[in-house]
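Student: Have a look at this fold, sequence not included:
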């Protein structure tokens with residue numbers, strides 16, 4: 001884990017080292033100012049180019065190769081994933097909940113950046129922000145069995161158990177070609193980490209949302 005506290009949230013030191021990339025993992029009480037793009041998130045594995053954006057479009061990943069286009073995802077236990085290539089050609093913001101992960105959204109985002117912008121997976125840096133941890137994310141077998149591909153060593157997925165969504169996403173990104181040394185994983189659990197974080201598992205319908213953003217251009 002390599003994160004630094006910043007005004008309104010956290011920054012990944014790996015992403016901060018990518019030239020001309022601005023990013024932030026927001027915490028409770030923080031909302032971006034100015035103009036940004038966000039999706040109607042539906043727990044899918046669909047990633048789109050920001051040039052295709054419309055207010056009503058349903059997807060869970062936004063990507064862009066244009067400067068100063070702020071890509072935002074909202075989470076309250078799901079994993080916020082921010083991606084950038086080392087040469088500053090493209091970025092992506094991804095909302096990864098269990099349904100999206102079961103459909104392979106991490107790999108889908110890597111493929112999208114590769115196909116659309118010719119960014120090789122080995123040139124990508126990934127940061128996985130605060131999310132519900134394996135300490136708190138208990139699920140039934142109908143959910144757990146959908147993670148068998150990512151946890152083949154486990155023999156408890158056909159009963160009620162705990163799943164670490166960030167670890168599942170990390171393994172998915174590794175399989176997609178991102179190097180282990182080019183990933184930052186936040187350690188904080190949104191459910192038991194206190195009121196710095198919003199958590200749907202903890203607070204139900206009362207839970208707010210945290211904003212995570214990335215863009216090319218301003219550097220940070």
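Tutor: The structure has been received and is ready for your questions. Only a predicted model underlies this, so the values are computations on that prediction, with no experimental measurement involved.

Student: so how many other residues sit close to the nearest residue to residue 144 once chain neighbours are set aside?
Tutor: Among residues not flanking residue 144 along the chain, residue 157 sits closest, at 4.3 Å (Cβ to Cβ, 6 or more residues apart in numbering). Any C-beta I mention is one placed from the backbone N, CA and C, and that applies to glycine too. Look at residue 157: counted by other Cβ atoms under 10 Å, it has 17 neighbours.

Student: doesn't residue 150 make contact with residue 157?
Tutor: No. Assessed by Cβ atoms under 8 Å, residue 157 is found out of contact with residue 150, at 10.1 Å.

Student: Name whatever forms a beta bridge with the residue nearest to the spatial centre of the chain.
Tutor: For the chain, the residue nearest the mean C-alpha position is residue 81 (1.8 Å; Cα atoms, centre = their mean). Beta bridges link residue 81 to residue 94, residue 128, judged by DSSP bridges.

Student: these two touch, right, it and residue 94?
Tutor: Yes. Under the contact definition of Cβ under 8 Å, residue 81 touches residue 94, with a separation of 4.0 Å.

Student: And the strands in this protein, which stretches?
Tutor: 3-6, 9-12, 21-26, 37-38, 47-49, 61-64, 71-75, 79-85, 91-96, 124-128, 138-139, 161-162, 183-185, 210-216 (DSSP state E).

Student: out of the ones you listed, deepest packed?
Tutor: For those, the largest average neighbour count (mean count of other Cβ atoms under 10 Å) is found in strand 91-96, namely a mean of 30.

Student: relative to strand 210-216, how tilted is that strand?
Tutor: Relative orientation of strand 91-96 and strand 210-216, computed by axes from the mean of the first three to the mean of the last three Cα atoms, to 10 degrees: 160 degrees.

Student: elements contacting strand 91-96?
Tutor: Under the contact criterion of 3 or more Cβ pairs under 8 Å, 6 or more residues apart in numbering; DSSP states H and E, strand 91-96 touches strand 61-64, strand 71-75, strand 79-85, helix 105-117, strand 210-216.

Student: show me the contacts for residue 150.
Tutor: 101, 167-168, 171-172 (Cβ atoms under 8 Å, 6 or more residues apart in numbering).

Student: Residue 167 against residue 134, yeah?
Tutor: Yes. Residue 167 lies in contact with residue 134 (Cβ under 8 Å); the separation is 7.0 Å.

Student: if we can go back for a sec, could you measure from the residue nearest to residue 144 over to residue 122?
Tutor: 31 Å (Cβ to Cβ, to the nearest Å).

Student: Around residue 144, how many other residues sit close by?
Tutor: 21.
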